[in-house]
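>>> What follows is a predicted structure for the sequence shown.
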Amino acid sequence: QSNVTVMGGVDAFAGSLKNSGDRQHTTVLGSGGMTTSWFGFKGSEDLGGGLRAEFYLTGFFQTDTGASGRFAGDNMFSRDANVALAGNFGRIQVGRASAPSFLPNILFNPFGDSFTFSPLVLHSYVPTGQFGARTWASTNAGDSGWSNHVVYTTPGWNGLRASVHYQAGEKAGDSDKNNVAISALYSKDKLALSAFVHRVRDSNPNPGGPIIDATRAPVNYASLDEQRAWFLGASYDFKVIKLYGTWQRTVNEAAGVEGLRDRTASAGFAIPAGPGAILFDVADTRRSGTVFGAQRSRRTASLGYDYRLSKRTDLYSVAMGDRITGLPTAMSYGLGVRHSF
Amino acid sequence: QSNVTVMGGVDAFAGSLKNSGDRQHTTVLGSGGMTTSWFGFKGSEDLGGGLRAEFYLTGFFQTDTGASGRFAGDNMFSRDANVALAGNFGRIQVGRASAPSFLPNILFNPFGDSFTFSPLVLHSYVPTGQFGARTWASTNAGDSGWSNHVVYTTPGWNGLRASVHYQAGEKAGDSDKNNVAISALYSKDKLALSAFVHRVRDSNPNPGGPIIDATRAPVNYASLDEQRAWFLGASYDFKVIKLYGTWQRTVNEAAGVEGLRDRTASAGFAIPAGPGAILFDVADTRRSGTVFGAQRSRRTASLGYDYRLSKRTDLYSVAMGDRITGLPTAMSYGLGVRHSF
Amino acid sequence: QSNVTVMGGVDAFAGSLKNSGDRQHTTVLGSGGMTTSWFGFKGSEDLGGGLRAEFYLTGFFQTDTGASGRFAGDNMFSRDANVALAGNFGRIQVGRASAPSFLPNILFNPFGDSFTFSPLVLHSYVPTGQFGARTWASTNAGDSGWSNHVVYTTPGWNGLRASVHYQAGEKAGDSDKNNVAISALYSKDKLALSAFVHRVRDSNPNPGGPIIDATRAPVNYASLDEQRAWFLGASYDFKVIKLYGTWQRTVNEAAGVEGLRDRTASAGFAIPAGPGAILFDVADTRRSGTVFGAQRSRRTASLGYDYRLSKRTDLYSVAMGDRITGLPTAMSYGLGVRHSF
């Protein structure tokens, strides 16, 4: 009766990982060196009159252990679990879907959605590396996907498309505990631009937790209950080289008082070489605020080569250096394979 | 080699929910306003001589968060995980499958399998609303699906089909801890009838827990260890209106002594209107018994409009009132979309 | 865009189970009497020049409850979550996949991959039956599947194919905590042979746990931190009867000192009879060592009939006797159906 597509991507790599602050290297046969492994289903139905119903039902898994999700406690379909109506009016989508910050982050750095080796994505979403007694928290609050989420996206206009996002906090008697955002993507010829603004007050993938990180000492990230973020991204494809750049500011409050402030900038390029491309990116974050203490910087840079065996399959090798002010530079390496289906 | 169908349904709604006894409304972007979202696989094989092998492997998910199952702790394929042989002799099915009470409940009320807005289904299966310090328990014991379950279904005879159900309790040295039931469905022309009797002694989806509810105070539902239920349902389709009615009695024992008694009646209709239908249903439960105290009633009524965009996709809006004796009436509202694949 | 196959097997049985040492029988409607129920996806892509990309993404489930995995805490895709490149050079596969001991065990006994009724598989992988205050541990360390796993397999050569296996322990600063193995399969005409050697230092499906069993008293299996195993298997198909035999020795160390030693031998046959086959197998394990105490034997034998309804669907009945030295013989029985898709 139906017309469902089964799809996904399997990504695995051999590597040695050490982020700034980690005491030792870890030798891994890991999952998702370039793209977080995922699987799922999608489908659409023509309802007539230009109207279309669509659904996405996709989840992450770990190629190395076969575990569901990105981490223990993640939801099975935390990548997508949504249904949408699309037509001349634009598109309305309801359910779990990527956060407004996600596409701007992954489209405007040459390492895409690598949660292992993309400097920008590492800074934005992944708590990695030890800083004192604990992990250095990511800059983006509220996960790379939003639950309880409705998105309205405008029709395309000259390469421009904007979206309004709302996430219900689903807290009884408190409709103020929600997340809201506006995002925009522009793409025409060689130029692409992106921007988003969000205000995050609730956690993900499941509501009710701290918005950035659950740790309380020595840095009390768990006290932060609201984040506002502003982001700009641009890429330009000169064909012999494609340039990428982003800038983001986040301000985090604890009980109405500013407690943490991050500024992240990234720049990178991809140079076509043979059947693949040389990739380089650097991201720099400056962090300060009352819950954090004196300003510190984190700078992460990756250099890689992505070798395409086909449109669906590639091999990649990456070296990454990572340094938090006052800590030694740590190096990570990976050699992997990625296959889409 | 094989012939597998991927199938499911995605249902999401925006709403405001408050059941009788709840202190406050909750604004939600929820999952399954009309049908609990699900996905899965089915297939069949012609074995010759009129014999057929069939399997179903389906599970629920939550469109709002992407979580697996109906609730935390539910099993991944708790909707169906079974294999069957069907032929002239009827059909034998082994594995996890819907409880004998499920089809009679969802086919004989106009809101179908809505665990959010169908008054009958709410009363039968969903512990909702605060009653004193705790949730008002559902009337049906042992879940809407049975595990460790064998079903024999007779061949169809003039529109009538009956089933015998057995669930092994799988308790070492105790083969008496099991569930048994007989159910029947009749459907011919405009009339449909249904009946079931069950005796439930084991919990679901996983065995060994309380059969109705785990709470002990102030109402000790967890002491109940056996339920007997009797159910009758009827519908008649006059075309300008389709009428629905059900009646159910359950008697629950704690250590061989009657401890709780429920009587549930429901009545409703669906009136075709435009490309959809106006839906109305009311369910009334009277509860009493030694573990519960003086008799109380719960009455729930829903009014909705279901607008069909196609056979596979519809929009719905529902308003529901819910009242437990002595507590204020609580109102819930929802506006949603449902898409089958 | 892609070419994905959805596949799996559903297996359910009615039975009465009691392993040696169990106090009482348990009446079950169980899952996986002959094959552990599973589902999943596979696909491959022709990359040209004889090169091929392949992926497998499969997981187990329990037909009786619909639960994911083989046991509580198992991973969703613990059967397979891997990607491979295959060509003239052989095949390199990365990710979660069956352990080097798995194929040699299941191909060289007539009950195949039955974790319920195959005597050899029971001894190798399943902790069953009470021995004193606790379960008798399986002989194989590190699960029937390995995580963080890279396998290189040679091209076929006259029916012979060998593989080298490596599992990274992923422990920071300790690259010695890993698993390694060599395995070989030979199959030509009526004869098949198999051998493997492994050295296991890390647990599965998730790293960091005890390699055999978590219990500490009265037998401290959890102290064992390295296992070395040697295995030989053979089968010969005389057409009127197919014979099977295996021999395995395992030596387990605790902190560098030999603590447990197992010797397992199995022999069996399959005799074609009607549309199916009569199956018989016996496995015998002798266990001794400082963590275990005086030598004990466990002997398990199964007799069954497998009736094929088609290539994809069969019915089976099995009787199994199980005895640990000094404990009464315990009998188990099962009647089931298995369907592949």
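Looks like it came in fine.
>>> rest of the way, CA atoms for contacts and neighbours
Will do.
>>> Tell me which stretches of the stretch 101-250 of chain A form helices.
Assigned by DSSP state H, counting those that start in this stretch, the stretch 101-250 of chain A shows helices spanning A:102-107, A:119-125.
>>> Residues touching stretch A:302-309, excluding its own?
With contacts defined as CA atoms under 8 Å, 6 or more residues apart in numbering or on different chains, stretch A:302-309 is touched by A:117-119, A:275-282, A:314-321, C:47.
>>> Show me which residues of the stretch 51-200 of chain A are close to chain B?
The stretch 51-200 of chain A comes close to chain B at residues A:53, A:55, A:75-83, A:94-96, A:146-150, A:167-175, as judged by CA under 8 Å from any CA of the partner chain.
>>> Of all the helices of the stretch 101-250 of chain A, which one is nearest residue B:103?
Of all the helices of the stretch 101-250 of chain A, the one in closest proximity to residue B:103, counting by CA to CA, is helix A:102-107 (42.2 Å).
>>> And the residue of the stretch 151-300 of chain A that's closest to chain B?
Proximity to chain B, evaluated over the stretch 151-300 of chain A using CA to the nearest CA, is greatest for residue A:172 at 4.2 Å.
>>> List phi and psi for that residue.
Residue A:172 adopts backbone torsions of phi -60, psi 130, taken as degrees, to the nearest 10.
>>> Around it, how many other residues sit close by?
Residues lying near residue A:172 (other CA atoms under 10 Å in any protein chain shown) number 17.
>>> And for residue A:326?
12.
>>> Just the buried residues out of the residues of the stretch 51-200 of chain A next to chain B, in ChimeraX syntax.
Applying 16 or more other CA atoms under 10 Å in any protein chain shown to these, the buried members can be selected in ChimeraX as follows:
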select /A:53,55,75,76,77,78,79,80,81,82,83,94,95,96,146,147,148,149,150,167,168,169,170,171,172
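>>> ok, back up a step: and the contacts of stretch A:302-309, which of them are in helices?
Using DSSP state H, the subset of the contacts of stretch A:302-309 located in helices is residue A:119.
>>> Out of the contacts of stretch A:302-309, which sit inside strands?
Counting by DSSP state E, the part of the contacts of stretch A:302-309 found in strands is A:276-282, A:314-321, C:47.
>>> so who does residue A:138 touch?
Applying CA under 8 Å, 6+ apart, we find residue A:138 in contact with A:122-128, A:212.
>>> typo on my end, residue A:238
residue A:190.
>>> Over to the one 3 residues further on?
By CA under 8 Å, 6+ apart, residue A:241 lies in contact with A:269-272.
>>> As JSON lines, these with neighbour count, secondary structure and pLDDT would be great.
Below are the contacts of residue A:241 laid out as JSON lines (neighbours: other CA atoms under 10 Å in any protein chain shown; DSSP: H, G, I helix; E, B strand; the rest coil; pLDDT from 0 to 100):
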{"residue": "A:269", "neighbour count": "24", "secondary structure": "strand", "pLDDT": "98"}
{"residue": "A:270", "neighbour count": "25", "secondary structure": "strand", "pLDDT": "98"}
{"residue": "A:271", "neighbour count": "19", "secondary structure": "strand", "pLDDT": "98"}
{"residue": "A:272", "neighbour count": "17", "secondary structure": "strand", "pLDDT": "98"}
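>>> out of those, who's nearest residue C:25?
Nearest member of the contacts of residue A:241 to residue C:25, counting by CA to CA, is residue A:270, at 65.8 Å.
>>> So for the nearest residue to that closest one once chain neighbours are set aside, what pLDDT did the model give?
Distances taken as CA to CA, 6 or more residues apart in numbering or on different chains place residue A:279 nearest to residue A:270, at 4.6 Å, with adjacent residues excluded. pLDDT for residue A:279: 98.
>>> which one of the helices of the stretch 101-250 of chain A has the most crowded surroundings?
helix A:119-125 (a mean of 25; mean count of other CA atoms under 10 Å in any protein chain shown).
>>> what does it rub up against?
Helix A:119-125 is contacted by residues A:105-106, A:109, A:113-116, A:128, A:138-140, A:143-144, A:264, A:266, A:281-283, A:285, A:300-302 when judged by CA under 8 Å, 6+ apart.
>>> Please save the CA atoms from that helix in PDB.
The C-alpha trace of helix A:119-125 is given here as PDB (Å, rounded to 0.1, in the frame of the first residue of the first chain):
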ATOM      1  CA  PRO A 119      36.300  21.300  15.100                       C
ATOM      2  CA  LEU A 120      33.100  23.400  14.800                       C
ATOM      3  CA  VAL A 121      30.700  20.600  15.600                       C
ATOM      4  CA  LEU A 122      32.900  19.500  18.500                       C
ATOM      5  CA  HIS A 123      32.800  22.900  20.000                       C
ATOM      6  CA  SER A 124      29.100  23.300  19.400                       C
ATOM      7  CA  TYR A 125      27.700  20.000  20.500                       C
END
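>>> Looking at strand pairing, list the partners for residue A:296.
Per DSSP bridges, the residues bridged to residue A:296 are residue A:287.
>>> Make sure it is actually in contact with residue A:287.
Yes - taking CA atoms under 8 Å as the definition, residue A:296 is a contact partner of residue A:287 at 5.4 Å.
>>> neighbour-wise, which of those two wins?
residue A:287 (19 against 14).
>>> Quick check: beta-bridge partners of the residue nearest to residue A:270?
Beta-bridge pairing for residue A:279 (DSSP bridges): residue A:270, residue A:304.
>>> could you measure it against residue A:273, distance?
According to CA to CA, to the nearest Å, residue A:279 and residue A:273 sit 10 Å apart.
>>> Of the two, which one has the most company?
Applying other CA under 10 Å to residue A:279 and residue A:273 shows that residue A:279 carries more neighbours, namely 22 against 13.
>>> Contact partners for the more buried one?
Contact analysis of residue A:279 by CA under 8 Å, 6+ apart lists A:110-111, A:268-271, A:302-306.
>>> quick one: it from chain C, how far?
23 Å (CA to the nearest CA, to the nearest Å).
>>> do you know how far the closest residue to chain C within the stretch 151-300 of chain A is from residue A:335?
Using CA to the nearest CA, residue A:275 is the residue of the stretch 151-300 of chain A that sits closest to chain C, at 13.1 Å. The spacing between residue A:275 and residue A:335, counted by CA to CA, is 17 Å.
>>> Compare these two and say which is more crowded by neighbours.
residue A:335 (20 against 11).
>>> Run a quick neighbour tally on the closest residue to the residue of the stretch 151-300 of chain A closest to chain B other than its chain neighbours.
Spatial nearest neighbour of residue A:172, chain neighbours left out: residue B:26 (4.2 Å); criterion: CA to CA, 6+ apart. For residue B:26, the count of nearby residues is 20 (other CA under 10 Å).
>>> do the same with residue A:131
Neighbour count for residue A:131, taken as other CA under 10 Å: 18.
>>> Report the secondary structure state of the residue lying closest to it once chain neighbours are set aside.
In space, and not counting its chain neighbours, residue A:131 is closest to residue A:21: 5.8 Å by CA to CA, 6+ apart. Recorded secondary structure, residue A:21: coil (DSSP: H, G, I helix; E, B strand; the rest coil).
>>> Residue A:21 contacts residue A:130, correct?
Yes - counting by CA under 8 Å, residue A:21 touches residue A:130, with 4.3 Å between them.
>>> Kind regards, and thank you for your time.
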